[in-house]
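A.B. asks: coordinates only, sequence not included:
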């Protein structure tokens, strides 16, 4: 039957009895809407006292009960006690809020401390650089170089922590400025080629011909991703090569998605360790940390930067078979974004010989010179050319690119090559 209305209560009364009456008034109003035909379903969560006066959360479902003539004569309802669920939800909200507060405090502390430490570290590195240019004996020069390198390594760690704290606190803003992709790559190659040369590792970079040069985005963060990945590859590669390839993944009139591939012949990563590769402060094992150093932040930062730039990052690797990182970034194109790298020469009438024992380097040179219109013959040695090259041995080429190591090893007679006539003679 239709329930009687509860006793009116003073809106300003905050006692438990007044709250009880208010809840009953609310439920009574909802039930009246069913009796009056305004709604056909009551489905609500209510906080109500039980028969013993204990407050409980109930999930109430009520529908009208009609007689044969269509008149509403009562209600049919089911109530589920969801008090435990509501308490669990409340506890979860408290834990989330507490965790977020702790993370904000940690990120703020890291950011402040990183700034405080970075300022004197720049002073230490600057003074070491000035000291290195003074008159020092060999031992003193060695000490100063160690001081400078240690300072730069510590500063790199501080910068990683600062970037990580900014990303965690959602305070890292990407720039959107004009930049030249090839100038950026030249800078990366200039920085990394010295390390590659010190380890006697081939360092090769190729850019697909359909990749535009003039772009809009955050060049510093793109460079940071490249430096992180290339540094990683050089660090874990003791012999062989590190190759960087840039291709056009997708393009429209205003935007382009570039794909970068960084491939090395280093120690590789076991398949069961790939899942932790992009986690913050994670190293594959303690021996890796001791031998190669690092904070475990570089790849985590690179992943987050890729995602901020609308891309992804993946890895293909295996123990003792090298590592191959792929990442994409989404950039805007400048209006005149089809500028090519330097002044592309016209080699359409040129016959070119490449003698190089390194297949990746030989393939990169062949691809580039062929794009410029050259007729290219590439072999691993002079003997290979004479056996499998043309129908006749080397007679003339307009341009010859020869691996210096083959000359030093006596596998190519440079004096003989220099006396050959040009094909245009």
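C.D. replies: Perfect, thanks for sending it. Just so you know, these numbers come straight off a predicted model, no measurement behind them.
A.B. asks: going forward, measure contacts and count neighbours with C-alpha atoms only.
C.D. replies: Noted.
A.B. asks: Sketch out the strands for this structure, chain order is fine.
C.D. replies: Ranges of strands in the chain, per DSSP state E, are 42-49, 55-66, 72-81, 177-180, 202-207, 214-217, 241-251, 255-264, 313-317, 323-333, 351-355, 375-379, 399-402.
A.B. asks: Tabulate those in JSON lines, adding columns for mean pLDDT, mean neighbour count and distance to residue 116.
C.D. replies: Output for those, formatted as JSON lines (pLDDT from 0 to 100; neighbours: other C-alpha atoms under 10 Å; distance: least, C-alpha to C-alpha, whole Å):
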{"stretch": "strand 42-49", "mean pLDDT": "76", "mean neighbour count": "16", "distance to residue 116": "52"}
{"stretch": "strand 55-66", "mean pLDDT": "82", "mean neighbour count": "17", "distance to residue 116": "51"}
{"stretch": "strand 72-81", "mean pLDDT": "82", "mean neighbour count": "14", "distance to residue 116": "55"}
{"stretch": "strand 177-180", "mean pLDDT": "93", "mean neighbour count": "16", "distance to residue 116": "29"}
{"stretch": "strand 202-207", "mean pLDDT": "90", "mean neighbour count": "18", "distance to residue 116": "36"}
{"stretch": "strand 214-217", "mean pLDDT": "93", "mean neighbour count": "22", "distance to residue 116": "29"}
{"stretch": "strand 241-251", "mean pLDDT": "92", "mean neighbour count": "18", "distance to residue 116": "36"}
{"stretch": "strand 255-264", "mean pLDDT": "94", "mean neighbour count": "21", "distance to residue 116": "34"}
{"stretch": "strand 313-317", "mean pLDDT": "87", "mean neighbour count": "17", "distance to residue 116": "32"}
{"stretch": "strand 323-333", "mean pLDDT": "94", "mean neighbour count": "21", "distance to residue 116": "32"}
{"stretch": "strand 351-355", "mean pLDDT": "86", "mean neighbour count": "21", "distance to residue 116": "54"}
{"stretch": "strand 375-379", "mean pLDDT": "84", "mean neighbour count": "19", "distance to residue 116": "55"}
{"stretch": "strand 399-402", "mean pLDDT": "84", "mean neighbour count": "17", "distance to residue 116": "52"}
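A.B. asks: residue nearest the centroid of this protein?
C.D. replies: residue 303 (2.3 Å; C-alpha atoms, centre = their mean).
A.B. asks: any idea how far residue 315 is from that residue?
C.D. replies: In this view, residue 303 and residue 315 are 11 Å apart by C-alpha to C-alpha, to the nearest Å.
A.B. asks: same question, residue 133
C.D. replies: 42 Å.
A.B. asks: And the helices in the stretch 151-300 of the chain?
C.D. replies: 181-198, 219-235, 286-292, 298-308 (DSSP state H, counting those that start in this stretch).
A.B. asks: Give me the mean pLDDT for the third one.
C.D. replies: Okay, so that is helix 286-292. Helix 286-292 carries an average pLDDT of 51.
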